[in-house]
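Q: sequence unavailable; structure follows:
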DNA sequence: GGCGAGCTGGCATTCGCATTCAACCGCGGT
DNA sequence: ACCGCGGTTGAATGCGAATGCCAGCTCGCC
């Protein structure tokens, strides 16, 4: 018989007071538990549990008594203990990397918001280097998260590890591998093709590209589909310089392009908006080149600063809100029914014909 | 005697295989526990626990055997169960509101990074409306977080509630109330006084202010200290219009000011950088006013876009990195020793004499 | 050879809640 | 009067790891 229960059944006497006093000193603070509520309400602990569990059977009178007692003693169910017994933590892990990219904060906020509407909390993990993934993964699994949303690359072994643990994964803007995970992504190929087509039709011929980090699949997709579409339209010699998604790398990217070409190109395609902005600033400030009159620049993402009047970027905006909603919905479905097969959803980007490129229309 | 232990001591036979099979079907998946490791290693569960607990006494041989067994069965300590018994979740809650402000994402990333270096995970809570605080607070407490960092306002009752639960709190850019919480903040008064002084000394006389939301203490501090310093320097009639920290509200703010004054002022003091940027864009685009030649604009925060060449804001940059480090350090100290009194640390901002204002130097 | 100190490892218990199982209470049907 | 059924309630058990306590063992020193 649990000691606590015995104590609960013992009528309060002087000794109890002393014990309480000692407890206070030893531990930081005895938390009030469902047993405390039960004692005050004069019912069993199971009854308390039932009242606090939605959809459990309990009479109206029982509910009232328990709730009154709970309020009186300041009871709050312990989510940790609940998680241990129900095998469900009601937490999902969100993995984000590359915070230089303005796009991620928005994503994160939306995800948190959306999950919270479903009673689920977000445990946040950020990556400084790709190499950290393994240790972060380990952490997530130890915390028994119910699901994982990742905007970072996971390799086959990592996905397999998670799958083995029976935790559903949703990849954000990453292609699903081996059908081990669900995925939500923006159709970047189509977006880039649109940008390229518009630029070529408007008469641009000398193209340059500022790519993102080499290990970013997003960048690789964007860059290669731009190169490919250019080739289709008869443009072969495209200068490609590397960036890291940051403003500064956009500036340096433009300088590198100008140097490599011995002068400015007709158009620069940046792998994201922030680099496009850097590129525009460098062109204007350092080479005194008006944008878009002498140089067209396009980006990708549609982040906040893209629409600042000074830039007014021509870009493709990702439908972040719809994408996060889809991510959350898909993950929740698979948490409820782990048998459900993974799914991939692809959203078209919104074409934004801003003022940073000379287009026909 | 626990059934599991009995099973553990029973030598494996045909029946075991069947049971495992059945288990697989019934529950989603029997997680491998320390008992499993113990069985494989031929030691007790407590031994396994000790090996996985840093600083516990265990012989070298024991460590090896246990670790080998653990790797073999793919064991991973369950952080939830550990949290239940140790009364420590190794999670802190971070509360963020107002995501229109570019400043918060940076803060959040830094905090997560810093906490992770100390083996602590961040449970993220975002606020859409102030009214949500109470329910969010309840969530945090249920999840037994070890500490709370909040960049949102908490009132006296809310702070008292947390204090009662024995959870240390660190306020970010908020003044500590009643000594119930630690606080880290940037000396915004001093920052604003510097901005104002510089502007006045450079000859500006007609001033306007774009404030943040009324319920933002940060905005109130910034705005009122600017007004006060202006008064000290003999400038009384200051136009103040309200904004919400967003780019758009900066644009609208400038329009409102121009309308109210019947023309542009000499200088605009915005309560944050993003509104300053909006203000500059509106002035340039809609009124064809060159900045800083015809109009000086200053901001606050020192967020990324503030240093974009098109704006090159004159502003005060918050030392985010030092502030987050201080926040984390203070919170961890108080988690380790709850008796420690709260503390308030104030950091001076970095004065950035950019190019969006005409200053003497 | 004997004895005490210092480790080690095992047993049993505990954290707080959910859930199973059995008991129980009415109540309507036969 | 008896049976059975739906609806409640309480006692007991278990989730998975940490830990106090004790027994056993090793080692050293007299």
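A: That came through, no problem. Being a predicted model, the structure only gives us computed values, none of them experimental.
Q: drop to CA atoms for contacts and neighbour counts, all remaining ones
A: Will do.
Q: write out the residues of chain A neighbouring DNA strand D.
A: A:1, A:42-47, A:57-59, A:61-62, A:81, A:84-85 (Cα under 7 Å from any atom of the strand).
Q: give me that answer again for 10 Å
A: A:1-2, A:5-6, A:9, A:38-39, A:41-51, A:55-63, A:65-66, A:80-87, A:142, A:144 (Cα under 10 Å from any atom of the strand).
Q: and those residues near DNA strand C, which?
A: Among the residues of chain A next to DNA strand D, DNA strand C is touched by A:1-2, A:5, A:38, A:44-51, A:55-57, A:80-87 when using Cα under 10 Å from any atom of the strand.
Q: so which of those belong to helices?
A: Members of these lying in helices (criterion: DSSP state H): A:5, A:38, A:45-51, A:80-86.
Q: any quick PyMOL command for the buried ones out of those residues?
A: Only the buried entries of these go into this PyMOL selection, using 16 or more other Cα atoms under 10 Å in any protein chain shown:
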select buried, chain A and resi 38+45+47+48+49+50+51+80+81+82+83+84
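Q: for residue A:359, state which of the ones in helices among the ones next to DNA strand C among the residues of chain A next to DNA strand D is nearest.
A: residue A:83 (56.2 Å; Cα to Cα).
Q: for the stretch 51-200 of chain A, what spans make up the helices?
A: Under the criterion DSSP state H, counting those that start in this stretch, the stretch 51-200 of chain A contains helices at A:60-73, A:79-86, A:103-116, A:133-142, A:156-164, A:188-201.
Q: ok, back up a step: point out the least confident one among the ones in helices among the ones next to DNA strand C among the residues of chain A next to DNA strand D.
A: Across those, the smallest pLDDT goes to residue A:5, namely 35.
Q: quick one: closest of the helices of the stretch 51-200 of chain A to residue B:351.
A: helix A:103-116 (26.1 Å).
Q: what residues does chain A put near chain B?
A: Contacts of chain A with chain B, taken as Cα under 8 Å from any Cα of the partner chain, map to A:28-29, A:76-81, A:83-84, A:99, A:105, A:109, A:112-113, A:121-126, A:141-144, A:166, A:247, A:278, A:281, A:285, A:305, A:308-310.
Q: mind redoing it with 7 Å?
A: When proximity is defined by Cα under 7 Å from any Cα of the partner chain, chain A lies next to chain B at A:76-81, A:84, A:105, A:112-113, A:121-124, A:126, A:142-143, A:281, A:309-310.
Q: what's around the nearest residue to residue A:249 once chain neighbours are set aside, how many residues?
A: Computed as Cα to Cα, 6 or more residues apart in numbering or on different chains, the closest residue to residue A:249 that is not its neighbour in sequence is residue A:243, at 5.1 Å. Residue A:243: 24 surrounding residues under other Cα atoms under 10 Å in any protein chain shown.
Q: contacting residues for residue A:243?
A: Taking Cα atoms under 7 Å, 6 or more residues apart in numbering or on different chains, we find residue A:243 in contact with A:210, A:211, A:212, A:213, A:249, A:250, A:253.
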